[in-house]
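Novice: fold the following.
(chains A and B)
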There are 2 protein chains.
Amino acid sequence: MNRPIIATIHTDAFRHNLGRIRELAPESKIWSVVKAKAYGHTLGAVLQGLESTDGFALLDIADAQWLRDHAWGGRILLLEGLFSEQELELAVKLKCDLVIHSQKQLEWLESFQNRSNQQINVFLKLNSGMNRLGFKPEQYRAAFHRLHAAGYRLHHMTHFANADQVERSPSVGEQMECFEKVTTGLDAPCSLANSAAILWHRNALGDWVRPGILLYGVSPTGVHADIVRSDFHPVMQLRSEIIDIQELKKGDHVGYGGRYQAPEDMLIGVIACGYADGYPRHAGDGTPVWVEAADAQGGGVICPIVGQVSMDMLTIDLRGAPNAKIGSIVELWGSEVPVDDVAQMSGTIGYELICALAQRVPVVIK
Amino acid sequence: MNRPIIATIHTDAFRHNLGRIRELAPESKIWSVVKAKAYGHTLGAVLQGLESTDGFALLDIADAQWLRDHAWGGRILLLEGLFSEQELELAVKLKCDLVIHSQKQLEWLESFQNRSNQQINVFLKLNSGMNRLGFKPEQYRAAFHRLHAAGYRLHHMTHFANADQVERSPSVGEQMECFEKVTTGLDAPCSLANSAAILWHRNALGDWVRPGILLYGVSPTGVHADIVRSDFHPVMQLRSEIIDIQELKKGDHVGYGGRYQAPEDMLIGVIACGYADGYPRHAGDGTPVWVEAADAQGGGVICPIVGQVSMDMLTIDLRGAPNAKIGSIVELWGSEVPVDDVAQMSGTIGYELICALAQRVPVVIK
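Specialist: Numbers count the residues shown, from 1 in each chain, chains lettered A, B, ... in the order given. Coordinates of the predicted model:
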């Protein structure tokens, strides 16, 4: 046995979450967004759990190659299109759909079409206010016509900046207004909604929705309560063990910087999990860790972090866990501790934590 | 070409930094700490850059196996010893030195010695105030005698909680006092100093020093200025490219949440690097990014981040970079932008950032 930390990927939760998306967007096709190694869940796991999706959307052409090598015959969308003209040949060979968001990419496609006789699906990206990628409204229609003339099968696409928030600018309404004005009369299917819009902007779904974070059972807002009633299940479970227990005297300090000081004599548990495993160093005192069979009745119990998370370890207050012992299993996040709660205690969102799962943590697909 | 992000590991900087440690601790042997995949730098790189170390210290026995498989014949220290009794067989086969920090590990070693005729180096860990791992002062001497009786070759070891800070409790002085009192008369070599103690507590080095973060050219305090005069060189350089440029009008917002609002008409650059690459999502507006050949004279220039770092992208203010274009190379951290500076703008320390380098970022060893 190595260090006892392990991440389990629950493919039944993947299947459930994809089913929930189908219920929420019954008339749309689904691009399952699996960039960043499926938000840390591995591409192997999505092939097992999300095989009934209409397509996978990702960034790295190497990941598209991996999916084809592992017998994925469905559609694949390159979410940022091509990073160089040379990629185009391979993208076509892999039958990828392409997002086109810049003038340069447009030129590459124009110069390519003469040499190709395949019909290629293009998702032309409009910058409707996000101001990250995409054609400005005043450039969009010309780009559409040029790609149309070059023989590409066109789709409209845009991305919302604030589908998870109200009172932030630009709003979904403002972006939709821009989108509709710019695309009027340009007949093509469209792809609009990300996870937050699927939940909260049902008038902005489009022919293809692009769920990411919801597939993984994590909240688009960063707040777990916001998705509890929508019935999404966490897919990743991160577990480890108590590897040591320390007896503190009142006044003793714990860990680097001595951030936590014992208010009385107490026991603390040392967990084999630190920031080099992907656990956030920002996690404050009070961040929940679930300890199996630890309370007086032998039930699981939440124990709060005390002291600075270090590279390979973190420390928890065992005062509520009289049965905890070396070897007790702990859940850092999963079904007992929503990853969103850990993220909130760390000033970030669940997205960042699941993506940050470190290479040294073994992953088991279940 | 894939996404243009790449991490370069400079092995000449490794050699230089190891040389600096030798100058600072000329009478000590050196455990080069390479846990967490060498703080994100890969074990392959340390075998090239740190081959003249006296030994490598790490956590995962699988990493010890990897080093032996790649012809490392020198010493290896398992920094947290054994995670289970079953590991002992392999650890001995791999000729690992063992840290022993708990009663359980002590019992495993006692029951093993009857079956073994090898002399095994043990670093017995004293909890002198860190309160994470190690024997309490009142348990330490008994543990020492038992391991001695069982035939192990013993060393003393402790770890400092605040070698990088003053006015935090416990101080290095307090921990040293505890260490000296407990080990009096127990003749054995000792291992004391981490990176911070090597720099600032020259009376607390010990026979074996354990540099970690300094080997990677990063500051133990989290503040780059604290190591500038000590002449350590950054080993990891993270680079990417501008993949798009957006023209903002005064009042436009950028990215999720619209955190940044343009104070005037301006250009922003979109960089292929996000938190799923290991860049911190906490990075605030103003976090420095270096852009090659971007100023009016064709020199490199620092451009500040504007807007929320997203999963795959971040955005920078190009007002000071009139020559920046799509394809311009940027350095996220390395020799132009100390990783400590990025960490400070993100409320953390450089340790966390280098360890968090994501699996999807290609690594080149140079």
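Novice: which residues in chain A form helices?
Specialist: Per DSSP state H, chain A carries helices over the ranges A:11-24, A:35-39, A:43-49, A:61-69, A:87-93, A:103-113, A:137-149, A:172-183, A:195-200, A:225-228, A:339-344, A:350-355.
Novice: would a markdown table of the ones you listed with mean pLDDT, mean neighbour count and distance to chain B be doable?
Specialist: Just so you know, the C-beta spots here come from the backbone N, C-alpha and C atoms, and that holds for glycine as well. What follows is these, written out as a markdown table (pLDDT from 0 to 100; neighbours: other Cβ atoms under 10 Å in any protein chain shown; distance: least, Cβ to the nearest Cβ, whole Å):
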| stretch | mean pLDDT | mean neighbour count | distance to chain B |
| --- | --- | --- | --- |
| helix A:11-24 | 98 | 18 | 18 |
| helix A:35-39 | 96 | 26 | 4 |
| helix A:43-49 | 97 | 21 | 11 |
| helix A:61-69 | 97 | 17 | 6 |
| helix A:87-93 | 93 | 16 | 6 |
| helix A:103-113 | 91 | 18 | 6 |
| helix A:137-149 | 96 | 16 | 10 |
| helix A:172-183 | 95 | 18 | 10 |
| helix A:195-200 | 95 | 24 | 10 |
| helix A:225-228 | 91 | 15 | 15 |
| helix A:339-344 | 97 | 23 | 10 |
| helix A:350-355 | 96 | 27 | 4 |
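Novice: tabulate those helices (CSV), appending distance to residue B:170.
Specialist: Output for the helices of chain A, formatted as CSV (distance: least, Cβ to Cβ, whole Å):
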stretch, distance to residue B:170
helix A:11-24, 44
helix A:35-39, 40
helix A:43-49, 44
helix A:61-69, 48
helix A:87-93, 56
helix A:103-113, 58
helix A:137-149, 62
helix A:172-183, 53
helix A:195-200, 47
helix A:225-228, 40
helix A:339-344, 29
helix A:350-355, 31
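Novice: ok, which of those comes nearest residue A:251?
Specialist: helix A:339-344 (28.6 Å; Cβ to Cβ).
Novice: among the helices of chain A, which is nearest residue B:264?
Specialist: Closest among the helices of chain A, using Cβ to Cβ: helix A:137-149, at 19.5 Å.
Novice: for the closest one, output the C-alpha coordinates as PDB.
Specialist: C-alpha atoms of helix A:137-149 as PDB (Å, rounded to 0.1, in the frame of the first residue of the first chain):
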ATOM      1  CA  PRO A 137     -21.000  41.700 -33.500                       C
ATOM      2  CA  GLU A 138     -19.900  44.000 -36.400                       C
ATOM      3  CA  GLN A 139     -17.500  41.300 -37.700                       C
ATOM      4  CA  TYR A 140     -19.700  38.300 -37.200                       C
ATOM      5  CA  ARG A 141     -22.000  38.300 -40.300                       C
ATOM      6  CA  ALA A 142     -19.100  38.700 -42.700                       C
ATOM      7  CA  ALA A 143     -17.300  35.800 -41.100                       C
ATOM      8  CA  PHE A 144     -20.500  33.700 -41.400                       C
ATOM      9  CA  HIS A 145     -20.900  34.500 -45.100                       C
ATOM     10  CA  ARG A 146     -17.300  33.800 -45.900                       C
ATOM     11  CA  LEU A 147     -17.400  30.400 -44.200                       C
ATOM     12  CA  HIS A 148     -20.700  29.600 -45.800                       C
ATOM     13  CA  ALA A 149     -19.200  30.500 -49.200                       C
END
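Novice: wait, which of the helices of chain A is closest to residue B:359?
Specialist: Nearest of the helices of chain A (Cβ to Cβ): helix A:35-39, 6.4 Å.
Novice: residues making contact with that closest one?
Specialist: A:43, A:45-46, A:57-60, A:63, A:79, A:212-213, A:216, A:351, A:354-355, B:276, B:311-312, B:358-360 (Cβ atoms under 8 Å, 6 or more residues apart in numbering or on different chains).
Novice: please name the nearest non-neighbouring residue to residue A:336.
Specialist: residue A:290 (3.9 Å; Cβ to Cβ, 6 or more residues apart in numbering or on different chains).
Novice: list the contacts for that neighbour?
Specialist: So residue A:290 contacts A:300-303, A:330-331, A:336-337 (Cβ under 8 Å, 6+ apart).
Novice: remind me which residues of the stretch 201-350 of chain A are low pLDDT?
Specialist: For the stretch 201-350 of chain A, no stretch has pLDDT under 70.
Novice: quick one: name the residues of it near chain B.
Specialist: Listed as neighbours of chain B in the stretch 201-350 of chain A under the rule Cβ under 8 Å from any Cβ of the partner chain: A:243-244, A:246-248, A:252-258, A:268, A:270, A:272, A:275-276, A:278, A:281-282, A:307, A:310-313, A:315, A:326, A:347-349.
Novice: list the ones among these that fall in strands.
Specialist: Counting by DSSP state E, the part of those found in strands is A:243-244, A:246-248, A:253-254, A:268, A:270, A:315.
Novice: of those, closest to residue A:105?
Specialist: For those, the nearest to residue A:105 is residue A:315 (49.7 Å; Cβ to Cβ).
Novice: can you pull up the bridge partners for that closest one?
Specialist: residue A:270 (DSSP bridges).
Novice: related to what we said a few turns ago, can you put the contacts of residue A:290 in TSV and add neighbour count?
Specialist: Shown next, in TSV, are these (neighbours: other Cβ atoms under 10 Å in any protein chain shown):
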residue	neighbour count
A:300	17
A:301	21
A:302	18
A:303	27
A:330	28
A:331	20
A:336	19
A:337	21
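Novice: so of these, which ones are in strands?
Specialist: A:301-303, A:330-331.
Novice: can you report how many residues neighbour the residue in the stretch 101-250 of chain A that chain B sits nearest to?
Specialist: Of all residues in the stretch 101-250 of chain A, residue A:131 sits closest to chain B, at 4.7 Å by Cβ to the nearest Cβ. Number of residues near residue A:131 (other Cβ atoms under 10 Å in any protein chain shown) recorded here: 26.
Novice: ok, for it, nearest residue in space, not its chain neighbours?
Specialist: Residue A:131 sits nearest to residue B:254 (Cβ to Cβ, 6+ apart), 4.7 Å away.
Novice: that neighbour touches residue B:268, doesn't it?
Specialist: Yes - in this structure, residue B:254 is within contact of residue B:268 by Cβ atoms under 8 Å, at 6.3 Å.
Novice: turn the ones in strands among the residues of the stretch 201-350 of chain A next to chain B into TSV, columns for neighbour count.
Specialist: Output for those, formatted as TSV (neighbours: other Cβ under 10 Å):
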residue	neighbour count
A:243	26
A:244	22
A:246	22
A:247	13
A:248	22
A:253	21
A:254	26
A:268	27
A:270	27
A:315	26
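Novice: could you work out the most separated pair of those residues?
Specialist: Using Cβ to Cβ, these span at most 19.9 Å, a distance reached by A:243 and A:253.
Novice: can I see the domain layout of chain A?
Specialist: A:11-216, A:236-365 (automatic domain parsing).
Novice: and the end-to-end length of the last one?
Specialist: Which is domain A:236-365. 9 Å (Cα to Cα, to the nearest Å).
Novice: what about it, distance to the chain center?
Specialist: Centroid separation for domain A:236-365 versus its chain: 22 Å, with Cα atoms, centre = their mean, to the nearest Å.
Novice: swap in the longest one?
Specialist: Averaging C-alpha positions (Cα atoms, centre = their mean) puts domain A:11-216 15 Å from its chain's average.
Novice: okay, how far is it across that domain, tip to tip?
Specialist: Termini of domain A:11-216 sit 10 Å apart (Cα to Cα).
Novice: same question, stretch A:310-324
Specialist: 21 Å.
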